[in-house]
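A.B. asks: Provided below are the primary sequence and the corresponding predicted coordinates.
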Amino acid sequence: MLIGRMDKIDTVIFDLGAVLIDWNPKHLYRKIYNTEEEIDWFLQNICTSEWNDQQDAGRSFEAATRERVEKFPEHKEAIEAWYGRWPETINGSIEGTVAILKEIRDSKKYRLYALTNWSAESFPWALQNFEFLHWFEGIVVSGVEKTRKPFPEFYQILFDRYGVDPGKAIFIDDNPANIKGGDAVGLTTIHFQSPEQLREELSQYLIV
């Protein structure tokens, strides 16, 4: 159980990828390349995080793939795999975090929301494959909204749509830039590193 020392928090906001869902493009590219060095080079130079950010902000898979293939035709097969085999970038859920989410839900003491940088085209697959996504009162998806973390307007969409007071909400994310963005809009934040670390830090704020 989580043991709390503070009572000001009434809302918990979760990131999804790498917090509740084990998303990592390396899960896919380990099936395509033989070495970690090859994978790292591809992800640092071809299908980069900056390139993926644009899909999270609303660019279509088709446009993204076409742009990369035109620029790097010699990597056509690997580039097309990113979205052609996208479910293979997911390796199930992060069970320790899902257990924490369930405890918070079952306590019925806190509102639960998700704020995720995720393509609008692939998020329906996640909704179909992860039952716990339906435990949230609401999920704000960057690809739908055409903006993303860490931009303040993305956090504000959640605040306005669901009447969330950032001063009474805690935000959990694995990306330091997104944590900094959460801090800037007045959220209490936890930089996720593991379920065990999350549980320990949440015990400062929640009574479950």
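C.D. replies: Structure received.
A.B. asks: isn't L202 up against I100?
C.D. replies: Yes - counting by CB atoms under 8 Å, I100 is a contact partner of L202 at 7.0 Å. For the C-beta atoms, the positions are set from N, CA and C on the backbone; glycine is no exception.
A.B. asks: what lies in contact with the lengthiest helix in the chain?
C.D. replies: When the chain is scanned for its longest helix (criterion: DSSP state H), the result is helix 95-107. Here helix 95-107 makes contact (CB atoms under 8 Å, 6 or more residues apart in numbering) with 1-2, 12, 14, 19-20, 110, 112, 132, 135, 192, 194-196, 198-199, 202, 206-208.
A.B. asks: identify the residues contacting Q54.
C.D. replies: For Q54, the contacting residues are A64, by CB under 8 Å, 6+ apart.
A.B. asks: what comes up buried for whichever helix or strand it is part of?
C.D. replies: Element membership of Q54, judged by DSSP states H and E, is helix 49-56. Using 16 or more other CB atoms under 10 Å as the test for burial, helix 49-56 gives 51-52, 55-56.
A.B. asks: show the buried residues in the contacts of helix 95-107.
C.D. replies: Listed as buried from the contacts of helix 95-107 are 2, 12, 14, 19-20, 110, 112, 132, 135, 192, 195, 198-199, 202, 206, 208; burial here means 16+ other CB under 10 Å.
A.B. asks: out of these, which sit inside helices?
C.D. replies: 195, 198-199, 202.
A.B. asks: just these now: which is nearest D174?
C.D. replies: L198 (9.9 Å; CB to CB).
A.B. asks: quickly note the distance from that closest one to V98.
C.D. replies: Going from L198 to V98 by CB to CB, to the nearest Å gives 11 Å.
A.B. asks: try E62
C.D. replies: E62 is 33 Å from V98, by CB to CB.
A.B. asks: who has more neighbours, these two?
C.D. replies: Neighbour totals were compared for E62 and V98, and V98 leads with 19 against 10 (other CB atoms under 10 Å).
A.B. asks: tell me how far that one lies from L127.
C.D. replies: Per CB to CB, V98 is found 15 Å from L127.
A.B. asks: do the same with D56
C.D. replies: Distance from D56 to L127, counting by CB to CB: 16 Å.
A.B. asks: burial of the spatially closest residue to A184 that is not a sequence neighbour, as a residue count?
C.D. replies: Using CB to CB, 6 or more residues apart in numbering and skipping the chain neighbours, the partner closest in space to A184 is P152 (6.3 Å). P152: 13 surrounding residues under other CB under 10 Å.
A.B. asks: surely P152 touches D183?
C.D. replies: No - in this structure, P152 is not within contact of D183 by CB under 8 Å, at 10.8 Å.
A.B. asks: which helices and strands does the very next helix or strand once past the helix holding Q54 pack with?
C.D. replies: Sequence order places helix 61-71 as the next helix or strand after helix 49-56, per DSSP H and E. Where contact means 3 or more CB pairs under 8 Å, 6 or more residues apart in numbering; DSSP states H and E, helix 61-71 is packed against helix 49-56, helix 76-84.
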